[in-house]
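Q: Have a look at this prediction, sequence included:
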Amino acid sequence: MSAHEKGLRNPLKRALGLGSAQSGVGHWWTQRLTAAALVALGLWFVITVLCLMHADYATARATVAKPWNAILLIAFLVTAFWHAVLGLQVVIEDYVHTRWKEVVSMALIKFLAVLGALASVLAVLRVALT
Amino acid sequence: MADTRRPLSPHLQVYKWQVQMVTSILHRATGIALAVGTLLVLWGVLSLAGGEASFSQFKTCVGSPIGLVLLFGWSWALFYHLCNGIRHLIQDAGAGYAIPQFVRSSWLSVIGSIVLTVIVWAYVLTTGGAA
């Protein structure tokens, strides 16, 4: 046996790398990946909104209906809600110390984020496909 | 509830203010603000899908004084969270942890966010105002 295998943990446990919470670095890594995506998507969104600032309804609709814009807008909104819920989760974990309030607010932000993401997908698709 | 009779470690109020604290606190605060701001984007997209009347109502609300103040605040929050987020991604890669670098990159996030906000709103004003 080599020196680093001397721990009491089962080798499988160590290989899986999931830790005591059984989720490993999933939360941390997803937060970083969505952050990296939002750097590009966020800049694209700001520029698109600035271009549409004085557009009338038909122009705004036609712009969002373009395939690439529709795809990027859906990607932006879904990623934004995802990243938001990961961040808010950490804030709640840090500051809400009453267990039932923590669980309720955690469930609430997840429900809201999923609803928000679904609604934004439906809205963009409705603009793009009709 | 945690037993608050136990001795608590000192919190924010005992520390001398320095820029690294400010960037850290602002990152969290702007993150919460942006989570709320995402609902505004959702409202915009829903109003666009809902037809011309709902879209013009959305534009009127966003273009109102309160709407513009919120929009200005959110634009700065977005640019701050963007700049400081990139800083955090670089730090996650293991770079920039020496104290002088850490302080310098903190200032870079704050100043960069202000510069970007000024550029965007200067563009808005020079092209004929918002909404």
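A: Done, it's in.
Q: Spit out the contact partners of residue 35.
A: The chain I'm using is chain A. The contact partners of A:Ala35, taken as CB atoms under 8 Å, 6 or more residues apart in numbering or on different chains, are A:83, B:85, B:88-89. C-beta coordinates here come from the backbone N, C-alpha and C atoms, glycine included.
Q: actually chain B
A: Applying CB under 8 Å, 6+ apart to B:Ala35 gives the contacts A:84-85, A:87-88.
Q: From these, pick the one nearest A:Leu43.
A: A:Leu43 lies nearest to A:Ala84 out of these, by CB to CB, at 17.6 Å.
Q: ok, the closest one to A:Lys110 distance?
A: Counting by CB to CB, to the nearest Å, the separation of A:Ala84 from A:Lys110 is 11 Å.
Q: In terms of neighbours, single out the busier of the two.
A: A:Ala84 (25 against 13; other CB atoms under 10 Å in any protein chain shown).
Q: returning to that earlier point: just the buried subset of the contacts of A:Ala35, please.
A: A:83, B:85, B:88 (16 or more other CB atoms under 10 Å in any protein chain shown).
Q: The biggest helix by length in chain A vs chain B: in contact?
A: Longest helix in chain A, counting residues (DSSP state H): helix A:99-129. Yes: shown here: helix A:99-129 in contact with chain B (CB under 8 Å from any CB of the partner chain) through A:116, A:119-120, A:122-124, A:126-127.
Q: Any buried residues in that helix, and which?
A: A:105-106, A:109, A:112-113, A:116-117, A:119-120, A:123-124, A:127-128.
Q: coming back round to it: which one of the contacts of A:Ala35 is nearest B:Gly67?
A: A:His83 (24.2 Å).
Q: Look up which helix or strand that closest one falls in, please.
A: Element membership of A:His83, judged by DSSP states H and E, is helix A:67-95.
Q: helices and strands around that helix, which ones?
A: helix A:26-51, helix A:57-65, helix A:99-129, helix B:19-50 (3 or more CB pairs under 8 Å, 6 or more residues apart in numbering or on different chains; DSSP states H and E).
Q: can you list the ones you listed in TSV and add distance to B:Ser56 and mean pLDDT?
A: Output for the helices and strands packed on helix A:67-95, formatted as TSV (distance: least, CB to CB, whole Å; pLDDT from 0 to 100):
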stretch	distance to B:Ser56	mean pLDDT
helix A:26-51	16	96
helix A:57-65	7	96
helix A:99-129	16	97
helix B:19-50	9	95
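Q: So which residue is dead centre in the chain?
A: Using chain A here. A:Trp82 (1.7 Å; CA atoms, centre = their mean).
Q: My question was about chain B, not that one.
A: Centroid-nearest residue in chain B: B:Ala77, 1.6 Å away (criterion: CA atoms, centre = their mean).
Q: check contacts around that one.
A: Here B:Ala77 is in contact with B:30, B:33-34, B:37 (CB under 8 Å, 6+ apart).
Q: now the longest helix of chain A, how far from the chain's geometric center?
A: 11 Å (CA atoms, centre = their mean, to the nearest Å).
Q: ok so, going back, of all the helices and strands packed on helix A:67-95, which lies closest to A:Leu77?
A: Nearest to A:Leu77, of all these, is helix A:99-129, at 3.9 Å by CB to CB.
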